[in-house]
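Peer 1: Fold the following for me, if possible:
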Amino acid sequence: MSEHTPGPWSLDDDKDMHPVGFYGDGAGRGYHAIQIPGQGYLSGFIGDANARLIIAAPDLLDALQKAADTFRDLRLVLTALGTPKGAEACQIAEDASRVIIAKAEGRS
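Peer 2: Numbers count the residues shown, from 1 in each chain. Next up is the predicted model:
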């Protein structure tokens, strides 16, 4: 699996001039709505809501990785304190987080 391009990603400055997406004029010229550093532009109609989600993806992945680690740490503390139901809830949340992280990283 190749590494994703780290954020921040951003919308093209002229996105208000056209719906978010890629548009050509038949002469090889077009407008790209999302620029990814070092990778160029994302092409194809995607819509504003999808564009915002794509732009947030690196930050969302980072936050989920931190949350999964926090669930793991809390599970260990709760286990040591003899609180099995809380520890089990943390395990479920950590496992769900790790499944999504693996999907985002192309490992599932």
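
Peer 1: Nearest residue to residue 104 in space, ignoring adjacent ones along the chain?
Peer 2: Setting aside the residues directly before and after it, residue 104 is nearest to residue 61 in space (CB to CB, 6 or more residues apart in numbering), at 5.3 Å. Where you see a C-beta, it was placed from the backbone N, CA and C, and this is true even at glycine.

Peer 1: meant to ask about residue 87, not that
Peer 2: In this structure, residue 87 finds its nearest non-sequential neighbour in residue 78, 4.1 Å apart by CB to CB, 6+ apart.

Peer 1: Can you name the next helix or strand after the one helix or strand that neighbour maps to?
Peer 2: Per DSSP states H and E, residue 78 falls inside helix 48-80. Going down the chain from helix 48-80, the next helix or strand is helix 84-104, by DSSP H and E.

Peer 1: Summarise which helices and strands that next one is packed against.
Peer 2: With contacts defined as 3 or more CB pairs under 8 Å, 6 or more residues apart in numbering; DSSP states H and E, helix 84-104 has these neighbours: helix 48-80.

Peer 1: list the contacts for the closest residue in space to residue 67 that isn't next to it in sequence?
Peer 2: Spatial nearest neighbour of residue 67, chain neighbours left out: residue 97 (5.7 Å); criterion: CB to CB, 6+ apart. Residue 97 is in contact with 64, 65, 67, 68, 71, counting by CB atoms under 8 Å, 6 or more residues apart in numbering.

Peer 1: where's the second one relative to residue 80, distance?
Peer 2: Distance, residue 65 to residue 80, by CB to CB, to the nearest Å: 23 Å.
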